[in-house]
Every structure is written in C-alpha cells, then in structure tokens.
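[1] Predicted model and sequence follow; I will ask about them next.
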Amino acid sequence: METSKNKHLFSIEREGKMNELKEQAVQRETRAEPPVLSETEKTIAVIERKLRLMSEEKVKCVLQFVIHIAG
C-alpha cells in the first residue's frame, strides 16, 4: 500500500516537473521569435504610436481627413 502511494506521489511530482519544463520551453520559444510584421502592419503601428501622442482634437481632424479621402 505504502509503495503504491509513493509511486503515485512520485508520478504527480514528475508530471508537475514536466508541465513546468513545457511551460519554460514555450516561454523560450515566444521570446526567441519576435513576430514578423508585414509592411502594412508596421505602418499601422507607426500611425497608432503617432496618434497616441496627439491631442484628441488633432486625432479627430486626422480621422476626418482620412474619411474625406476614403469617401
């Protein structure tokens, strides 16, 4: 009985270690490979950064201009 209990505890501990190692591997993968952005995505990111720096009034003007051009 005691041996089977020890085996069960060892199994749970080993499974926990495996899960931890898998998680570490996933973290290394995600850190190692930054996302590859298309030119459009890069342009959008630049525009978003610039819009965040603008005042609300300037953002409204820019959006009206874009809507006017697109319309």
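    Alright, I've got the coordinates.

[2] Could you check how many residues crowd around Val59?
    Using other Cβ atoms under 10 Å, Val59 has 14 neighbouring residues. Bear in mind the C-beta positions are built from the backbone N, C-alpha and C, glycine included.

[3] From Ile44, how far off is it?
    Distance of Val59 to Ile44, computed by Cβ to Cβ, to the nearest Å: 15 Å.

[4] now do Gln24
    For Gln24 relative to Ile44 (Cβ to Cβ), the value is 33 Å.

[5] can you count the residues close to the residue lying closest to Met54 once chain neighbours are set aside?
    Distances taken as Cβ to Cβ, 6 or more residues apart in numbering put Val62 closest to Met54, at 7.2 Å, once the chain neighbours are dropped. With neighbours defined by other Cβ under 10 Å, the count for Val62 comes to 14.

[6] Need phi/psi at Val62.
    phi -60, psi -40 (degrees, to the nearest 10).

[7] Number of residues surrounding Glu20?
    Using other Cβ under 10 Å, Glu20 has 10 other residues around it.

[8] next one: Gly16
    Residue crowding around Gly16 was assessed by other Cβ under 10 Å; the count is 10.

[9] Check which helix or strand it maps to.
    Assessed by DSSP states H and E, Gly16 sits inside helix 2-32.

[10] Now the element after that helix, going C-ward?
    That would be, after helix 2-32 and using DSSP H and E, helix 39-53.

[11] what's the spacing between that following helix and its chain's center?
    Chain-centre distance of helix 39-53: 17 Å, with Cα atoms, centre = their mean, to the nearest Å.

[12] which secondary structure elements does it contact?
    Helices and strands touching helix 39-53, as assessed by 3 or more Cβ pairs under 8 Å, 6 or more residues apart in numbering; DSSP states H and E, are absent.
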